[in-house]
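Below: sequence and its predicted model.
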Amino acid sequence: MAITPSAPCGSVSHGGMHKWRVKMSARKSNLKVATTHGHRFPTKFNIYRVGRAPSEYAPPDYILGEHQEQPLYSFIGSRHWTNSREGMDVCLLDGILAYSRMLAYTQYEPGQHMKKWTVHLGPRWAQVPGINFTVIKDENNLIFRFSIKTDVANSVEDFEWRAAGYLDIAPVFRIPKASSWELVRMANDALTDLSALTSDGREKIGILQRLRKGRKRWRFEFLGTRASGPLGQQWELAAIITMVTLTDYLDSRKL
């Protein structure tokens with residue numbers, strides 16, 4: 001299913017609209033690649049911190065894309081306190097403006113110290129109900145668990161975000177001494193080689209790597225079954241919204 005970029009609402013200057021069209025034109029070109037084989041997001045992309053911008057842009061906190069000048073998506077984090085008042089702590093947008101269409105959002109459960117999240121796939125006020133699921137942090141380890149339906153067997157599967165060591169991520173990024181996380185599929189039917197398995201034999205289907213290169217803050221890459229198999233767009237969106245929420249959690253907790 002192709003994605004149509006959202007146009008901005010409200011007052012935007014002529015020059016600002018031209019710049020917006022240029023950016024979104026590049027984004028549409030990228031989407032032709034990103035949506036090939038039914039995937040909504042590219043296999044590899046970076047997360048960039050948004051700096052100051054003209055007021056008509058009302059920029060989000062971060063943009064997602066293969067290149068900084070060709071952003072595909074963006075998200076607003078929990079530092080925007082007004083979001084929490086509306087029941088949203090992290091919001092993933094289909095575009096680069098605060099007015100862009102909402103794809104998914106996360107709410108940190110009150111009193112849980114950001115250890116329990118309620119995730120909603122779809123806009124907050126959509127006519128068709130979206131999909132809700134819960135992410136829960138392990139009491140003793142840096143592990144976040146969630147379950148969601150995939151297209152592999154048309155059934156609910158379990159997944160984990162795990163803090164990873166350098167040896168686990170070296171074959172992918174070869175960047176020493178950087179914080180990293182693995183998205184792990186708990187099913188035992190992985191069609192992948194041994195290098196893509198965790199120490200307990202589970203499949204690594206995503207790697208999140210913290211970077212410190214100017215505005216480039218994170219790098220993410222899909223692996224294994226997602227890169228070659230049909231987990232589905234619903235799962236893919238769940239992976240991305242939990243990933244950006246994880247970065248918000250880590251930044252908020254200064255981890």
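Nice, I can see it. Numbering: from 1, shown residues only.

What residues does the closest residue to residue 218 other than its chain neighbours make contact with?
Leaving aside its chain neighbours, residue 218 sits nearest to residue 47 (3.9 Å; criterion: Cβ to Cβ, 6 or more residues apart in numbering). Where C-beta positions appear, they are placed from N, C-alpha and C, glycine not excepted. Residues counted as contacts of residue 47 (Cβ atoms under 8 Å, 6 or more residues apart in numbering) are 62-64, 216-220, 244, 247.

what do you get for residue 218?
Contacts of residue 218 by Cβ under 8 Å, 6+ apart are 46-47, 208-211, 247.

what secondary structure does residue 235 sit in?
Under the three-state scheme (DSSP: H, G, I helix; E, B strand; the rest coil), residue 235 adopts helix.

Does it touch residue 153 like I think?
No - in this structure, residue 235 is not within contact of residue 153 by Cβ atoms under 8 Å, at 12.0 Å.

higher neighbour count, the two?
Neighbour totals were compared for residue 235 and residue 153, and residue 235 leads with 22 against 10 (other Cβ atoms under 10 Å).

residue boundaries of the strands in the stretch 51-200 of the chain?
62-65, 73-76, 90-94, 101-108, 116-121, 131-137, 143-149, 156-164, 180-185 (DSSP state E, counting those that start in this stretch).

Would you format the ones you listed as JSON lines with mean neighbour count and distance to residue 197 included?
Shown next, in JSON lines, are these (neighbours: other Cβ atoms under 10 Å; distance: least, Cβ to Cβ, whole Å):
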{"stretch": "strand 62-65", "mean neighbour count": "24", "distance to residue 197": "27"}
{"stretch": "strand 73-76", "mean neighbour count": "25", "distance to residue 197": "29"}
{"stretch": "strand 90-94", "mean neighbour count": "24", "distance to residue 197": "29"}
{"stretch": "strand 101-108", "mean neighbour count": "22", "distance to residue 197": "29"}
{"stretch": "strand 116-121", "mean neighbour count": "20", "distance to residue 197": "26"}
{"stretch": "strand 131-137", "mean neighbour count": "16", "distance to residue 197": "23"}
{"stretch": "strand 143-149", "mean neighbour count": "18", "distance to residue 197": "17"}
{"stretch": "strand 156-164", "mean neighbour count": "18", "distance to residue 197": "13"}
{"stretch": "strand 180-185", "mean neighbour count": "24", "distance to residue 197": "9"}
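
Which ones among the contacts of residue 218 lie within helices?
Applying DSSP state H to the contacts of residue 218, the entries found in helices are residue 247.

Reformat the contacts of residue 218 as a markdown table; add pLDDT.
What follows is the contacts of residue 218, written out as a markdown table (pLDDT from 0 to 100):
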| residue | pLDDT |
| --- | --- |
| 46 | 97 |
| 47 | 96 |
| 208 | 96 |
| 209 | 94 |
| 210 | 92 |
| 211 | 90 |
| 247 | 95 |
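
Now go through the contacts of residue 218 and say which are in strands.
Judged by DSSP state E, these include 46-47, 208-211 as members of strands.

List just the nearest of those residues to residue 112.
residue 208 (22.0 Å; Cβ to Cβ).

ok, and the closest non-adjacent residue to that closest one?
residue 181 (4.2 Å).

And the furthest pair within the contacts of residue 47?
216 and 244 (14.9 Å).

Compare those two (neighbour count), which wins?
Neighbours were counted for residue 216 and for residue 244 using other Cβ under 10 Å; residue 244 has more, 27 against 13.

So the more buried one, which state does it fall into?
helix.

wouldn't it be in contact with residue 61 here?
No - Residue 244 lies out of contact with residue 61 (Cβ under 8 Å); the separation is 9.5 Å.

Distance of residue 102 relative to residue 142?
Per Cβ to Cβ, to the nearest Å, residue 102 is found 28 Å from residue 142.
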